[in-house]
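Engineer: below: sequence and its predicted model.
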Amino acid sequence: MLILGWDIDSRVDLLRHPNPLPTSSLPSTVGGLLLGLVQQRKDLRIYVLAWDFSMVYALERQWISEFKLPWHSHARFHVYMDNQHPQGGCHHQKVVVIDDHLAFVGGLDLTRSRWDTSEHRMHDSRRTDPDGKMYPPFHDVQMMVEGKIAQALGDLARERWHKATGKKIQPLKRSSPDPDLWPSWIDADMHNAEVAISRTLPAYQDQSGVREIQQLYLDTIQAARQVIYLENQFLTSHVIGKALAERLQDPRGPELLIILRRDGGDWLEQMTMDVLRTRLLRQLTQADQYGHLRVVHPDGPDLQEHCLGLHSKVMIMDDTFVRIGSANLTNRSMALDSECDLAIAANGREDLRQAIVRFRRRLLAEHLGVPQQAFDTQLDSEKSLLKAISRMQGTKRNLQPFALDPLSTIEPWVPDSAIVDPEKAMELQTVVNHFIHPEDRPVARKQLIGVAVVLGSLGLLAAAWRWTPLGEWIDVWTMAQYLKELKNHPWTPLLVLGGFLVGSVVMVPITGLIIVSYLAFGPWEGFAYALIGSALSAGLTYGIGSWMGKEKLSRLAGSRINRLSQYVGERGLLSMVIAHMLPVGPFTIVNMLAGASHIGFRDFMIGTLMGMLPGMIALAILIDRVTATIQQPNMSTILLLLGVMGAMAAGAWLIARLLKKRAPGAQHSASQT
């Protein structure tokens with residue numbers, strides 16, 4: 001058995017029906033079932049390959065130790081986390097292959113918050129995650145296949161395993177006759193159909209890039225004559241958007257129905273992918289000269305304030321072509337991530353054409369919340385898919401037109417797709433180039449060097465305390481007692497926070513205030529003081545900048561302030577993240593510029609805290625190690641301190657090097673070659 005997935009959670013329960021299907025006594029969770037099967041069947045080998053995910057998703061996933069532990073105890077159960085992809089890319093294929101005879105491909109991962117029924121009832125007690133929490137209705141589509149196509153998918157999965165692990169899985173010996181693994185309670189929609197596999201594989205190391213999915217989309221869009229039906233989690237691909245816009249400008253072009261989820265699944269997607277989608281949908285609306293376009297999202301009173309988690313990736317062209325797979329309509333799914341789609345063309349066979357028609361009508365009846373027979377009748381009378389949909393709306397669920405301006409307040413500040421939805425490997429240099437003006441990079445580099453000097457000085461202080469007379473001149477325990485008395489004073493919180501406010505106004509470096517806070521109260525209590533103090537200081541200086549305005553600030557500080565002001569104003573929230581993560585200017589000045597620009601206070605505070613938190617956490621860890629080394633100067637504490645200092649110094653050096661590469665002179669030279 002071969003399992004590929006973007007995410008896999010061993011705790012997910014697979015059987016939630018009132019009357020479960022007949023099974024053995026094996027557990028119904030993913031982990032329990034697979035482990036039970038490999039223990040019960042002596043010839044069974046199981047290979048599970050999941051994406052070695054970004055820390056952005058850490059809180060959404062099962063901890064790796066929990067994920068691997070129950071399975072690593074068995075010699076024929078192999079689990080591996082796939083990290084063989086370019087920077088910024090991911091392993092996104094969702095494939096399950098059983099004995100090379102039965103296979104599943106689509107948008108569904110064997111992970112949390114995916115189970116639901118096609119009724120999508122708002123209150124379904126079975127729709128809970130492994131922690132017992134209910135989640136909103138969820139919609140996805142898989143294709144189950146058997147025969148030669150399953151064998152080909154087995155080859156695909158083995159190839160991916162080899163790329164990820166460097167180890168080969170021996171192909172199965174073909175048995176004859178083929179075993180009948182198709183579930184008896186599921187009727188096949190098509191028989192003896194030819195199925196095509198299309199892939200996306202990024203160019204990586206010795207692997208050439210594969211863009212079969214993108215090319216198949218382009219060919220199909222161009223070939224359509226009557227209807228293009230798209231159902232997808234995202235729509236941000238500029239290549240696909242351009243192809244659709246060209247068809248909308250054709251007076252004889254097909255009707256285009258696009259079904260998307262109302263908004264992104266989390267705040268980060270809403271502030272990035274939703275904005276890119278809005279931009280693309282505006283372009284399609286402008287191109288729609290003949291009323292052929294309808295963009296909708298599932299909605300209805302039954303969903304209340306929730307959004308249907310539409311996660312499927314489906315395309316149906318006319319009545320003759322259908323594709324289902326893992327690829328979103330994004331730039332990264334077309335070029336950067338690993339993807340796998342399956343497609344079937346009728347090729348003149350009436351039985352396949354009818355099956356494709358039934359599938360599309362079944363999906364639409366589900367989204368509209370109406371009986372399929374009623375929708376079929378309406379469609380037959382209208383002859384137009386778009387008109388039939390506008391006349392058929394269920395009482396509990398329906399399809400609502402898409403609003404194109406729900407994110408207008410943050411849209412101007414979201415960068416283009418090269419940063420948010422890239423189609424090639426994401427490099428730190430790209431981010432630096434986008435957010436830091438070439439003339440300001442030497443200043444940012446100097447700021448980073450200054451931070452590195454401060455951090456190095458802290459490490460040298462710990463060493464001096466251990467190996468020089470400094471430890472004898474200053475009684476550490478007396479100082480600790482003094483600080484303890486200060487910590488217990490009732491006015492201490494107000495004094496500390498007041499110190500941050502005054503310090504920010506008179507432009508005391510915020511890093512110095514944070515370090516003093518850590519030294520006085522310890523790394524963790526000091527972290528709380530520093531976080532609150534920095535937030536209050538940021539708010540105060542933002543308010544001062546708002547009161548002063550850009551003109552006064554420009555007169556006060558000159559041309560460099562004008563450049564910083566332009567960058568802050570154009571890039572908004574993300575510019576605040578970068579400005580405080582890679583200090584392109586003094587803390588106070590950057591905040592005042594934000595106040596004088598058009599950035600809303602909420603987005604300013606979110607961006608400021610996001611930019612400062614990594615450095616504050618790193619400083620807390622460093623101070624903790626310095627303190628431990630001073631108090632217990634043994635080999636363990638010293639090595640840990642050196643390790644932390646080395647990691648931080650390497651990070652600062654890397655960023656400074658990138659900034660130096662793109663200094664004004666270097667950039668001018670590069671532009672001439």
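Structural biologist: Here it is on my side, so go on.
Engineer: could you check how far the closest residue in space to C340 that isn't next to it in sequence is from V105?
Structural biologist: Once flanking residues are discounted, C340 sits nearest to Q93: 4.3 Å by C-beta to C-beta, 6 or more residues apart in numbering. Where C-beta positions appear, they are placed from N, C-alpha and C, glycine not excepted. According to C-beta to C-beta, to the nearest Å, Q93 stands 8 Å off from V105.
Engineer: which neighbours do these two share?
Structural biologist: Listed as contacting both Q93 and V105 by C-beta atoms under 8 Å, 6 or more residues apart in numbering are S326, C340.
Engineer: which secondary structure element is home to the residue nearest to C340?
Structural biologist: Assigned by DSSP states H and E, Q93 falls within no helix or strand.
Engineer: same check, this time on the one 10 residues further on
Structural biologist: Element membership of A103, judged by DSSP H and E, is strand 102-106.
Engineer: repeat that for P179.
Structural biologist: Using DSSP H and E, P179 is not contained in any helix or strand.
Engineer: ok, back up a step: mind listing what the strand holding A103 pairs with, with the direction of each?
Structural biologist: Take DSSP bridges as the rule and strand 102-106 pairs in its sheet with strand 95-98 (antiparallel), strand 142-146 (antiparallel).
Engineer: the spatially closest residue to K168 that is not a sequence neighbour and L49, how far apart?
Structural biologist: What sits nearest to K168 in space, not counting adjacent residues and going by C-beta to C-beta, 6+ apart, is H162, at 5.3 Å. Distance, H162 to L49, by C-beta to C-beta: 10 Å.
Engineer: who has more neighbours, those two?
Structural biologist: L49 (24 against 13; other C-beta atoms under 10 Å).
Engineer: contacts made by the host helix or strand of the more buried one with the rest, please.
Structural biologist: According to DSSP H and E, L49 maps onto strand 46-51. By C-beta under 8 Å, 6+ apart, the residues outside strand 46-51 that reach it are 1-8, 34, 37-38, 67, 71, 76-82, 90-92, 157, 160-161, 164-165, 169.
Engineer: ok, now with 6 Å
Structural biologist: Applying C-beta atoms under 6 Å, 6 or more residues apart in numbering, the contact partners of strand 46-51 are 1-6, 8, 34, 38, 77-82, 90-91, 161, 164.
Engineer: for stretch 286-302, same thing?
Structural biologist: For stretch 286-302, contacts defined as C-beta under 6 Å, 6+ apart pick out 122, 245, 248-249, 251, 253, 255-260, 262, 281, 284, 308, 367, 386, 396-402.
Engineer: from the residues you listed, which ones fall inside strands?
Structural biologist: Among those, DSSP state E puts E255, L256, L257, I258, I259, N398, L399, Q400, P401 in strands.
Engineer: for E119, the count of nearby residues, please.
Structural biologist: Using other C-beta under 10 Å: E119 sits among 13 other residues.
Engineer: mind checking the end-to-end distance for stretch 300-318?
Structural biologist: Across stretch 300-318, the terminal residues are separated by 28 Å (C-alpha to C-alpha, to the nearest Å).
Engineer: pLDDT score assigned to Q62?
Structural biologist: Looking at Q62, its pLDDT reads 61.
Engineer: likewise for Q429?
Structural biologist: 50.
Engineer: do A670 as well
Structural biologist: Looking at A670, its pLDDT reads 32.
Engineer: and A164, what does it touch?
Structural biologist: When contacts are counted by C-beta under 6 Å, 6+ apart, A164 touches L49, D82, Q84.
Engineer: in three-state terms, label it for me.
Structural biologist: Following DSSP: H, G, I helix; E, B strand; the rest coil, the label given to A164 is helix.
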